[in-house]
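K.L.:
everything below, folded, please.
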Amino acid sequence: MDLRASASIGENLRLVFERIRHATQQSGRTEGSVRLVAATKSVGLDQIREGIASGLTILGENRLQEALPKIEGLRGEPIQWHFIGHLQRRKVRSVVGVFDLIHSVDSVELVEEIERRAQEAGLTQAVLLEVNLEGEATKAGFLPDEIEEAMPGLEALPHVVVKGLMAIPPPTSDPEQARPYFRRLRELALRLSRQAISTVSLKELSMGMSNDYHVAVEEGATMVRVGTAIFGVRRA
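P.N.:
Here you go, the predicted model:
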């Protein structure tokens, strides 16, 4: 992980951006085709402002109750907000329309609740479908075969726009061990994209965090969610 304990947020960001740029080149992709989502859980407004001044444009929050004061405090800044944590159905109403993208839609029931709340609000909500690649009992998400079965039903939900997929590989200290999972997500998206559904594009792949984002970029990530490598280790 590219992080120096004494480095400033700006210095850390410069290293992260450079590593993304290098991985993008290594994979033969167009520079700028990967976006950095800064995971700002437990990060204060002053630190976030320092990050924005150093080039951050997308902020990702895990918890609604922590996100809302930050969104208000940073109103007017040239940024997007993404919801990247587990989303409970009872909180959907408060999330829809507030976040530009929801990364963690993990069930048909949750998609349907988002559709209902978006329709009530008179808007469309962009989402990513979370995939549980290994069927881990401790993780939420569609199993690969479940997501394939769910795809046709998404066309009946005009207020939800599926932009792509998200996944978190099993934890490992070796980034290379995450590579097969990133590859599997990319291959799954390619296979599913052959189903012509008007409200589904699957062009976005949200995968990779502080320890392995460079590998994720090499395997096709269009968004990486990075927190510790920017802001340092934070409280839970």
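K.L.:
which helix is the longest one in this protein?
P.N.:
When the chain is parsed with DSSP state H, its longest helix is helix 9-26.
K.L.:
buried ones in that helix?
P.N.:
Neighbour-count burial for helix 9-26, counted by 16 or more other Cβ atoms under 10 Å, picks out Ile9, Asn12, Leu13, Leu15, Val16, Arg19, Ile20, Ala23, Thr24. Yep, even glycine has a C-beta here, placed from its N, CA and C like the rest.
K.L.:
and the residues you listed, which two are the farthest apart?
P.N.:
Largest separation among the buried residues of helix 9-26 by Cβ to Cβ: Ile9 and Thr24, giving 22.1 Å.
K.L.:
who are the contact partners of the nearest residue to Gln25 once chain neighbours are set aside?
P.N.:
Excluding the flanking residues, the one nearest Gln25 by Cβ to Cβ, 6 or more residues apart in numbering is Glu31, at 7.1 Å. Going by Cβ atoms under 8 Å, 6 or more residues apart in numbering, Glu31 touches Arg21, Thr24, Gln25.
K.L.:
include distance to Arg75 and pLDDT when you put the residues you listed into a markdown table, please.
P.N.:
Shown next, in a markdown table, are these (distance: Cβ to Cβ, whole Å; pLDDT from 0 to 100):
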| residue | distance to Arg75 | pLDDT |
| --- | --- | --- |
| Arg21 | 30 | 98 |
| Thr24 | 32 | 97 |
| Gln25 | 36 | 96 |
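K.L.:
out of those residues, who's nearest Met207?
P.N.:
Nearest member of the contacts of Glu31 to Met207, counting by Cβ to Cβ, is Thr24, at 14.3 Å.
K.L.:
quick one: that closest one and Leu36 touch, right?
P.N.:
No - between Thr24 and Leu36 there is no contact under Cβ atoms under 8 Å: 11.4 Å.
K.L.:
span of stretch 126-140 from start to end?
P.N.:
The straight-line separation of the ends of stretch 126-140 (Cα to Cα, to the nearest Å) is 19 Å.
K.L.:
just the pLDDT for Val34.
P.N.:
Note for Val34: predicted pLDDT of 98.
K.L.:
so who does it touch?
P.N.:
Ile20, Ala23, Thr24, Val217, Ala221, Thr222, Met223, Val224.
K.L.:
try 6 Å
P.N.:
Shown in contact with Val34 (Cβ atoms under 6 Å, 6 or more residues apart in numbering): Ile20, Thr24, Val217, Thr222.
K.L.:
quick one, phi psi at it?
P.N.:
Main-chain dihedrals, Val34, degrees, to the nearest 10: phi -120, psi 130.
K.L.:
pass me the low-pLDDT residue ranges in this protein, would you?
P.N.:
1-6, 235-236 (pLDDT under 70).
K.L.:
can you give me the helices for the protein?
P.N.:
So, for the chain - with DSSP H - the helices run 9-26, 45-53, 64-73, 92-95, 108-121, 144-150, 179-192, 213-218, 228-231.
K.L.:
in the fourth one, what counts as buried?
P.N.:
Meaning helix 92-95. Val92, Arg93, Val95.
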